[in-house]
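Asks: everything below, folded, please.
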Amino acid sequence: MRPLLYSTLTSWYRLVDPPEDHEEEAAAYTAALAGAIRGGADTLLELGAGAGHNARFMKRRFRCTLTDVSPEMLALSRELNPDCEHAEGDMRTLRLDRTFDAVLVHDAIGYMLTQADLRAVARTAFLHTRPGGAALFAPDHLAETFHETTLLIEGEDESRALRCIEWTFDPDPADTTCVVHYAFLLREGATVTPCHDTHVEGLFPEETWRRVLSETGFEVDTVARPIGNGEYDQVFLCSRPQAP
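Replies: Residues are numbered from 1 along each chain as shown. From the prediction side, this is the model:
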């Protein structure tokens, strides 16, 4: 079952995650990919594009094809990015039968819960990256640096408002998952509705990421990603070797 935020609560999504909050990281992804690609850097495939917030900025540099498993999220992206191609599909099995200069797998990769899932997504990305092209994988968490967090999210528009507590923790350090709980208060007019949404996400060490990506055929490096307040973490920048 898909989380509520990507299905029945999708109409509230932009109040939780405003598009403008992605400008800095999208610029970092654009620069990293463009710098790693050998030859022309014109086309980009995003696997798990969600509401299209990265594409809003990355389409300034790339001609973007945006995919997601959630039709509701793709509808939001089409509103924001009518000039981009969209396709519904699971990042583990999607096959478009063409390649791109760049492939981006943003935080939707967090919903891969097993190494088999990671391998499937890495294979999809590899098959869609042309020789000499580059792919960037940007998980929210690595096992080595994971820590429990609690965030307060506030958003409003002309007719609605929300308040949300986002609580991320690892209930079982022996497995490969963590959990994110969202406790929403959704206000429309004078009516406030509570809602609880649970997201189970994958949590893997850096060694697992490097091994899975390299076994798929990528040359694996890391690049800094801005995460706000002047802080950075590391994401995986991969190159598909050119034929000899």
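Asks: tell me how the protein divides into domains.
Replies: Structural domains of the chain, as assigned by automatic domain parsing, span the residue ranges 4-141+205-239, 149-202.
Asks: pick the most deeply packed of the ones you listed.
Replies: Per residue and on average, the most neighbours among these fall to domain 4-141+205-239, with a mean of 19 (mean count of other C-beta atoms under 10 Å). (Each C-beta comes from the backbone N, C-alpha and C, glycine too.)
Asks: quick one: stretch 220-239 to chain centroid distance?
Replies: The chain centroid and the centroid of stretch 220-239 are separated by 13 Å under C-alpha atoms, centre = their mean, to the nearest Å.
Asks: likewise for stretch 235-243?
Replies: Taking C-alpha atoms, centre = their mean, one finds the center of stretch 235-243 at 18 Å from the center of the full chain.
Asks: quick one: contacts of it?
Replies: Counting by C-beta atoms under 8 Å, 6 or more residues apart in numbering, the neighbours of stretch 235-243 from elsewhere in the structure are 32-33, 36, 38, 125-126, 129-139, 209-210, 213, 217-223, 225.
Asks: about what we covered before: in a markdown table: the domains of the chain, plus mean pLDDT.
Replies: Formatted as a markdown table, these follow (pLDDT from 0 to 100):
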| stretch | mean pLDDT |
| --- | --- |
| domain 4-141+205-239 | 96 |
| domain 149-202 | 96 |
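Asks: and the residue lying closest to Gly40 once chain neighbours are set aside, what does it touch?
Replies: Distances taken as C-beta to C-beta, 6 or more residues apart in numbering put Asp101 closest to Gly40, at 6.2 Å, once the chain neighbours are dropped. Going by C-beta under 8 Å, 6+ apart, Asp101 touches Ile37, Gly39, Gly40, Ala41, Asp42, Thr43, Leu44, Phe62, Arg130, Gly133, Ala134.
Asks: now Asp101: how far from Glu23?
Replies: When C-beta to C-beta, to the nearest Å is the yardstick, Asp101 and Glu23 sit 22 Å from each other.
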